[in-house]
Structures are given as structure tokens and as C-alpha cells.
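>>> The following block contains a protein sequence and its predicted model.
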Amino acid sequence: MSALSVGDAAPDFSLQGNDGKTYSLKNFKGRKVVLYFYPKDDTSGCTAEACAFRDNLSSIKRKDAVVVGISADSIASHLKFIDTYHLNFTLLSDESKDVLKRYHVWKEKSMYGRKYMGIERTTFIIDERGKISRIFSKVKVNGHTEEVLEALSK
């Protein structure tokens, strides 16, 4: 399976959200989706990224877009993360890593010379028709929300 590109149809999914509902891309048809994949709840980079999306959500909504975060963490972990940081958008749980693999964000990583499998921080902007309009790979958290807002303006 090859990596996804701008213009491709975004792979659909069916994942449970922090609110107990099951979500798929069809739930967001007609709206732009900021679909971001992050490594782990309640870690420094992931917390900074989530809080930046939280703090800029009203600006994102003005662009007729929604923010959805996906990690391999459990719903219980997501609920704690949301409660601790007052997150105001949906987090989906992909414990099976099926969606992570379909979006090609489950990758071999390396830290201190040790190789392991994990999530590469990546954001996809999906347009109103379900097509990928922008891909941010290997996201650097600082300034990322501003990049997303700029991309939503185009």
C-alpha cells in the first residue's frame, strides 16, 4: 500500500470517540476536517498540540472545519486527557492501529538508538468532499496550528 497524497480520497474509518459514539468520515461530509494523528495522550508534545487546537478551535470553526484527533490510546485515557486539559474537540481511539496503518502514520521510529513502532505526528486536512487537500508530515508542534489555519484559508 502506497502513501497517501493530496487529491486522494481520505480512507474512511469507523472508530469510537470519547463521547461513546462511533465516528466515520461520513459524519463530517460537507465540512473540512482537520484530522490529526498524535503519539500519546498526556505527553509534552501531544499536550501542547492538543491545547493549541483547543485554543484556536473557534478560528478553525469559522473556516467551517472540525478538529478530530486520533491515537492508539484507549477511550479511558482520552477521557482523562480531555478532562485534564479541557479539550473541546473529539478524540478517537484506534487501539487496533488499523486506521493508523491506512493513513500510513504507524511507522518505525528511533529514540536514543532504539528502534520501535509508533505514530508519526501527522495532520491531514480533508475537504468537504472527503479528498485530502493538505498533508503535514513529521509535524513540529510550535506554529502548527497557525499552518493549519493558513491552509484552511486557501
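Ah, there it is.
>>> OK, contacts around residue 147?
With contacts defined as Cβ atoms under 8 Å, 6 or more residues apart in numbering, residue 147 is in contact with residue 136. C-beta here means a position set from N, CA and C on the backbone, and glycine is covered the same way.
>>> Show me which positions of the strand or helix carrying it end up buried.
Per DSSP states H and E, residue 147 falls inside helix 144-152. For helix 144-152, a neighbour-count test (16 or more other Cβ atoms under 10 Å) marks 144, 145, 148, 149, 151, 152 as buried.
>>> and what of stretch 25-42?
Counting neighbours by 16+ other Cβ under 10 Å, stretch 25-42 gives 25, 28, 32, 33, 34, 35, 36, 37, 38, 39, 40, 41 as buried.
>>> What separation is there between the third one and residue 19?
This points to residue 32. Applying Cβ to Cβ, to the nearest Å, the value for residue 32 to residue 19 is 21 Å.
>>> Over to the first one?
Counting by Cβ to Cβ, the gap from residue 25 to residue 19 is 17 Å.
>>> swap in the fourth one?
As defined by Cβ to Cβ, residue 33 lies at a distance of 17 Å from residue 19.
>>> Next secondary structure element downstream of the helix or strand bottoming out on mean pLDDT in the chain?
In the chain, no helix or strand scores lower on mean pLDDT, DSSP states H and E than strand 106-111, which sits at a mean of 89. Next along the chain after strand 106-111, taking DSSP H and E as the criterion, comes strand 114-119.
>>> now what about that next one, what contacts it?
Counting by Cβ under 8 Å, 6+ apart, 37-40, 71-72, 100, 105-110 sit against strand 114-119.
>>> Quick one, grab the pLDDT at the residue nearest to the spatial centre of the chain.
Nearest to the mean C-alpha position of the chain, by Cα atoms, centre = their mean, lies residue 36 at 1.5 Å. Listed pLDDT for residue 36 reads 98.
>>> what's the answer for residue 3, then?
88.
>>> oh, and call the first residue 646 from now on, that's how I've got it
Sure thing, new numbering starts at 646, so read that last one as residue 648.
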